[in-house]
Each structure stands twice: as structure tokens, then as C-alpha cells.
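S.K.: What shape does this take:
(one chain, ligands or ions: 1)
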Amino acid sequence: MTNERRVLVHPDKQALTGSVAARFLTKTVDILDDLGEANVALTGGTVGIAVLEAVNSSPARDSVDWSKVHFWWGDERFVAKDSEERNERQAREALLDHIAVPPENIHPFPASDEIADIDEAAAVYAAELEAFASDGARHPRFDITFLGVGPDGHIASLFPDRAGIRETEATVIAERDAPKPPPQRLSLTRPVLNASDRIWLVLAGADKASALGLALAGASYTEVPVAGAKGRKRTVFFVDKDAAVDVPENLIAPSY
Ligand SMILES: O=C(O)[C@H](O)[C@@H](O)[C@H](O)[C@H](O)COP(=O)(O)O
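M.R.: Numbers count the residues shown, from 1 in each chain. Below is the predicted model:
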């Protein structure tokens, strides 16, 4: 299989999240067999969280030795720790609180009531990434990075025509005026996301069709950030039919 971006189309959001959940569980078992440890970067957003709920409700959930899995985030809303808007809280409620993952294996971004200054919070997470890096890198090599996609093509908290999507030096950026509320966010940068072995993008709904179509047709990633998502080994778009209407036929993997 080449590293070309692949699009897997599902009849609806439920089929999409069930398929991604099944694939995540089997792939994570394989990764643990091969490497003994897995680093996974989670996403916020309704589809990303629905995937975690589907993982949690899978009969195969505990086929994974969760004690060997580290969970990170691609981005986080810079709000209070117990805010319902936090990606961490939503992920814990959807999956992490229900599996035997050691607390020290969960690496949330700092919350605004833990570190008041957003730039300091970004620096703290950058240091956490570096502390778990190897081979002189500045962040772990994520085995699987999940990304949701906004109607404007944003990924994580990297938005069109913002400094964050252009950043190539820092590993973590602070976004102060995000077009998607809440405005203050923290995000991994594109080079860190793309250092992942696998990037799995999960998107559903007709409002995502334009961004996906533009990205796959060669749009600039500064204008359509999802166009710049490319894992080292695999880049797979898991979509429903409504989001796939503008995808070039030749990129759609055979349905199965
Ligand atoms: O913190 C966030 O909001 C997410 O990380 C963001 O990047 C999200 O994944 C997309 O906006 C898609 O969200 P939906 O899946 O709800 O459309």
C-alpha cells in the first residue's frame, strides 16, 4: 500500500465511527505486538469523541493492553480543567475513564485554571512532549493521530490563514482568536502532526465536503489546513457519504 492519501467512505456517521473504532483496536494490538508501546494523539470534535464512544462500547475494547498506551491530544480548548468544553474531559467520559490506562499515561494540555498564561501553557506541553521523545526528537512519534476537520478545513486548532498553520519551529502553538469557539486554544503544529506514523482523519456531514474536496484537489494547506495533513506511513480519511461528494473518484478506496 502506498502512502497516498486514501478515502474510506461509509454510509453514515454511525458506520464511520464503528469502523474507525474497530480499526483502531486491531491496529493498536498490532502496534503493541511490534513495539511494546503505543502513542496515540486524540482529537476533539463530535466525530472524534463519537469514535472514542464506539471504542468504549466495542466487545473487543479490552483486547488492547491499555497499560502500554499513552494518550496525547492534537489540540485543546484553553478553558478550566472541569469545563465541558475540554477535549480531555470529553475523552475521559467517552473512553479513558472506562479502560485500565495508567493515569501517568494520559498527557492532557494544561487548563486555564492551572496555568493562567496561554503561552506558558504551550511551553509546558512542549516540555512534556520532549520529555517523552526519543532519538533526539522534540516530541514522541505518534503511532496514530486522530484529526477531526472543520467546515473551513481546520485541523486540531490550526485554522486557515492563521500563524499557527504556518508554524514550523515550535511544537505547540497558542491560538488566541479561533473562529471556532472557544477562541483560546492550544495545538500541536503541522510538523508534529505529520511526524505521526498514521494520521486518521474522521469527518462526517455535507458541511465538510467542500474542504475535503479542495484539500484532495491540491489546495494550499495555509488556506485549507487539512490539505497539509500527511502521516509518515499512512493518511486515511474516514468519511461518510455526505462528506465525500466532492472527492475525486480515483481517491476513493473500494468499499468493503
Ligand atoms: O477542539 C476541537 O474543536 C477539535 O480538535 C477540532 O479540530 C474538531 O476536530 C473539528 O472542528 C471537527 O469537529 P466536528 O467533528 O465536531 O465537526
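S.K.: doesn't K208 make contact with A243?
M.R.: Yes: the criterion here is C-beta atoms under 8 Å, and A243 meets it with K208 at 4.2 Å. Where you see a C-beta, it was placed from the backbone N, CA and C, and this is true even at glycine.
S.K.: Share the number of residues neighbouring L212, please.
M.R.: 25 (other C-beta atoms under 10 Å).
S.K.: tell me the secondary structure for it?
M.R.: Following DSSP: H, G, I helix; E, B strand; the rest coil, the label given to L212 is helix.
S.K.: Also the one 10 residues further on?
M.R.: Local secondary structure at T222 is given as coil here, using three-state DSSP.
S.K.: where's it relative to F142, distance?
M.R.: T222 is 23 Å from F142, where distance means C-beta to C-beta, to the nearest Å.
S.K.: ditto for K13
M.R.: Counting by C-beta to C-beta, the gap from K13 to F142 is 25 Å.
S.K.: More neighbours: the two, which one.
M.R.: F142 (26 against 20).
S.K.: What residue, apart from its backbone neighbours, is nearest that one spatially?
M.R.: S196 (4.0 Å; C-beta to C-beta, 6 or more residues apart in numbering).
S.K.: Model confidence at the residue nearest to N105 when sequence neighbours are not counted, what's the number?
M.R.: In this structure, N105 finds its nearest non-sequential neighbour in H70, 4.7 Å apart by C-beta to C-beta, 6+ apart. Residue-level confidence at H70 comes out at 98, pLDDT.
S.K.: Could you do E76 as well?
M.R.: 99.
S.K.: residues near it, how many?
M.R.: 26.
S.K.: Make sure it is indeed in a helix.
M.R.: No: assessed with three-state DSSP, E76 is strand; it does not lie in a helix.
S.K.: Just give the closest residue to it, not the sequence neighbours.
M.R.: F109 (3.6 Å).
S.K.: where does the one you found fall, helix, sheet strand or coil?
M.R.: Assignment for F109 (three-state DSSP): coil.
S.K.: Output the set of residues of the stretch 1-150 of the chain in proximity to the ligand.
M.R.: 43-48, 75, 77, 87, 148-150 (C-beta under 6 Å from any ligand atom).
S.K.: Now, of these, which are buried?
M.R.: 43-45, 47-48, 75, 77, 87, 148-150 (16 or more other C-beta atoms under 10 Å).
S.K.: and the spatially closest residue to E84 that is not a sequence neighbour, what is it in contact with?
M.R.: Excluding its sequence neighbours, the residue lying closest to E84 (C-beta to C-beta, 6+ apart) is Q90, at 7.6 Å. Shown in contact with Q90 (C-beta atoms under 8 Å, 6 or more residues apart in numbering): 44, 49, 84.
S.K.: looking at this, the first one is in a strand?
M.R.: This points to G44. No: G44 is assigned coil when assessed by three-state DSSP, not a strand.
S.K.: Could you report the pLDDT at it?
M.R.: The predicted structure scores G44 at 98 on the pLDDT scale.
S.K.: So what does it have for phi and psi?
M.R.: With angles defined as degrees, to the nearest 10, G44 sits at phi -90, psi -170.
S.K.: show me the contacts for it.
M.R.: By C-beta under 8 Å, 6+ apart, G44 lies in contact with 73, 75-77, 87, 90, 148.
S.K.: if we take those residues, which one ends up nearest to the ligand?
M.R.: For the contacts of G44, the minimum distance to the ligand (C-beta to the nearest ligand atom) is 2.2 Å, reached by G148.
S.K.: one step back: the residue nearest to F142: what's it in contact with?
M.R.: S196 makes contact with 41, 141-145, 231-232, according to C-beta under 8 Å, 6+ apart.
S.K.: C-alpha coordinates for the strand or helix carrying T235, PDB please?
M.R.: Using DSSP states H and E, T235 sits in strand 234-240. Extracted C-alpha coordinates of strand 234-240, given in PDB (Å, rounded to 0.1, in the frame of the first residue of the first chain):
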ATOM      1  CA  ARG A 234      -0.500   6.400   6.200                       C
ATOM      2  CA  THR A 235      -3.000   9.100   5.800                       C
ATOM      3  CA  VAL A 236      -6.600   7.800   5.800                       C
ATOM      4  CA  PHE A 237      -9.800   9.900   5.600                       C
ATOM      5  CA  PHE A 238     -12.700   8.100   7.200                       C
ATOM      6  CA  VAL A 239     -15.800   9.900   5.900                       C
ATOM      7  CA  ASP A 240     -19.500   9.400   5.400                       C
END
